[in-house]
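> Pasting a predicted model and its sequence here:
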Amino acid sequence: QVQLVESGGGLAQPGGSLRLSCAASEFTFKFYGMGWIRQAPGKGLEWVSDINSDSGSSFYADSVKGRFTISRDNTKNMLYLEMNSLKPEDTAVYYCAKARTAWGTPYVNDYDYRGQGTQVTVSS
């Protein structure tokens, strides 16, 4: 069974930074696109960013472009999200997600597995 375990969430001040990590196991990580999805309180799932299997391409939602950076290490089966210049509206549970193909996707329903999530709260 696919395992995705997120870590690195917490409380940050506006303008601050956090780095999320996702440890993947029980599938061949290097063959699949990966993404980060978030869910703010009282709202639906929102695609944040995705990266293809060999890190050759990555994409970002307009709301995080220029502030967040997605990366992966296929030798360690790890996915990362570097979050800078955090805003209160970034407050959400962040999920690591596995795509069905080698390419990531902005469509949340096209991810077949998600982790349990890590809470990010941005507040002064």
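All right, it came through fine. Numbering: from 1, shown residues only.
> Quick check: the most centrally placed residue in the chain vs residue 124, distance?
Nearest residue to the geometric centre of the chain (C-alpha atoms, centre = their mean): residue 36, 2.3 Å. Going from residue 36 to residue 124 by C-beta to C-beta, to the nearest Å gives 24 Å. For the C-beta atoms, the positions are set from N, CA and C on the backbone; glycine is no exception.
> Setting aside sequence neighbours, what's the nearest residue to the residue nearest to the centre of the chain?
Nearest residue to residue 36, sequence neighbours excluded (C-beta to C-beta, 6 or more residues apart in numbering): residue 48, at 4.3 Å.
> What about that neighbour? Give its phi and psi, please.
phi -110, psi -50 (degrees, to the nearest 10).
> tell me the contacts of it?
35, 36, 37, 38, 60, 61, 64, 68, 81, 94 (C-beta atoms under 8 Å, 6 or more residues apart in numbering).
> cool, and residue 5?
Contacts of residue 5 by C-beta under 8 Å, 6+ apart are 22, 23, 96, 115, 116.
> which ones are touching residue 102?
The contact partners of residue 102, taken as C-beta under 8 Å, 6+ apart, are 31, 32, 33, 52, 53, 54.
> buried subset of the residues you listed?
Buried subset of the contacts of residue 102 (neighbour count, 16 or more other C-beta atoms under 10 Å): 32, 33, 52, 53.
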